[in-house]
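K.L.:
Need coordinates for the following:
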Amino acid sequence: MGADPFIVNVARLRRTPGARRHEVRHGPAELISELRPATAADSAVPPGAEVTADVVLESYPGAVMVTGTVSAPWQGVCRRCTVAVGGQLSLAVGERYVDDEPGRHRPDDEEAYPLVDDQLDLKPLVRDALLLELPLAPLCRETCAGLCPTCGIDRNVEECGCVAPRDARWANLDVLR
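P.N.:
Residues are numbered from 1 along each chain as shown. Below you'll find the model as predicted:
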């Protein structure tokens, strides 16, 4: 495998505080998944899908600010009727990468990503952004009627004659009807 498309060398950029550079990086979902799969409950970025980071890097003393968008397709299963669903995520990102080298000052900031040897790794930023936005319980549409709990028929396609069973705990209130 060749060079990692999500690793950005920022040595030249960091020589001039305030300097900006636009980067567009593409790579397969497997690259970001080697850290931890981009999966949330019933949805995921599918294997083989292309993930894109379109970002602007801005240098300032001891750090680099990364702003832009991350995009990737997603697939899942409707939580009501179990049909396959999917879509495209396009997310705004804005994160800092700070020096993480011995002998250099690093602010006490647990939320910043490490900047090691003037190499900026976009994979953790991309993965984290996608994981936060993947639908936890996707729907095929807002008006999805789901499956009948009694016979299992898809109520989006046809109606069934099933009547919901009565809960014995509420039987005493039936006299009020």
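K.L.:
Now do stretch 13-33: distance from first to last residue.
P.N.:
Start and end residues of stretch 13-33 are separated by 28 Å (Cα to Cα, to the nearest Å).
K.L.:
what mean pLDDT does that stretch have?
P.N.:
Here stretch 13-33 scores 91 as its mean pLDDT.
K.L.:
mind listing what's buried in it?
P.N.:
13, 14, 23, 25, 27, 29, 31, 32, 33 (16 or more other Cβ atoms under 10 Å). Using the backbone N, CA and C atoms, a C-beta is placed for each residue, glycine as well.
K.L.:
Tell me the spacing between the last one and residue 23.
P.N.:
From residue 33 over to residue 23 the distance is 21 Å, taken as Cβ to Cβ, to the nearest Å.
K.L.:
Ok, the first one next?
P.N.:
Relative to residue 23, residue 13 is positioned 10 Å away (criterion: Cβ to Cβ).
K.L.:
Which stretches in the chain count as helices?
P.N.:
11-14, 29-33, 123-133 (DSSP state H).
K.L.:
Let me see the residues that make contact with the first one.
P.N.:
With contact meaning Cβ atoms under 8 Å, 6 or more residues apart in numbering, helix 11-14 is reached by 19, 21, 57, 59, 64, 118.
K.L.:
What is the least confident helix or strand in the chain?
P.N.:
strand 39-40 (a mean of 56; mean pLDDT, DSSP states H and E).
K.L.:
how much space between the residue lying farthest from the centre of the chain and residue 164?
P.N.:
The C-alpha centroid of the chain is most remote from residue 175, which lies 51.2 Å away (Cα atoms, centre = their mean). Residue 175 sits 19 Å away from residue 164, going by Cβ to Cβ.
K.L.:
List the beta-bridge partners for residue 97.
P.N.:
residue 64, residue 113 (DSSP bridges).
K.L.:
Can I get stretch 72-91 in CSV? Just the C-alpha atoms.
P.N.:
Presented in CSV, the C-alpha positions along stretch 72-91 are these (Å, rounded to 0.1, in the frame of the first residue of the first chain):
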residue,chain,number,x,y,z
ALA,A,72,-18.9,9.8,3.4
PRO,A,73,-21.8,7.5,2.5
TRP,A,74,-23.6,5.5,5.1
GLN,A,75,-25.8,2.4,5.2
GLY,A,76,-28.1,1.1,7.8
VAL,A,77,-31.4,-0.7,8.6
CYS,A,78,-34.7,1.0,9.2
ARG,A,79,-35.5,0.6,12.9
ARG,A,80,-39.2,0.1,12.2
CYS,A,81,-39.5,-2.0,9.0
THR,A,82,-35.9,-3.4,8.7
VAL,A,83,-35.5,-2.3,5.1
ALA,A,84,-32.0,-1.1,3.9
VAL,A,85,-31.5,2.6,4.1
GLY,A,86,-28.6,4.9,3.4
GLY,A,87,-27.4,8.4,2.6
GLN,A,88,-24.5,10.8,2.4
LEU,A,89,-23.0,12.5,5.5
SER,A,90,-21.4,15.9,5.0
LEU,A,91,-20.2,17.4,8.3
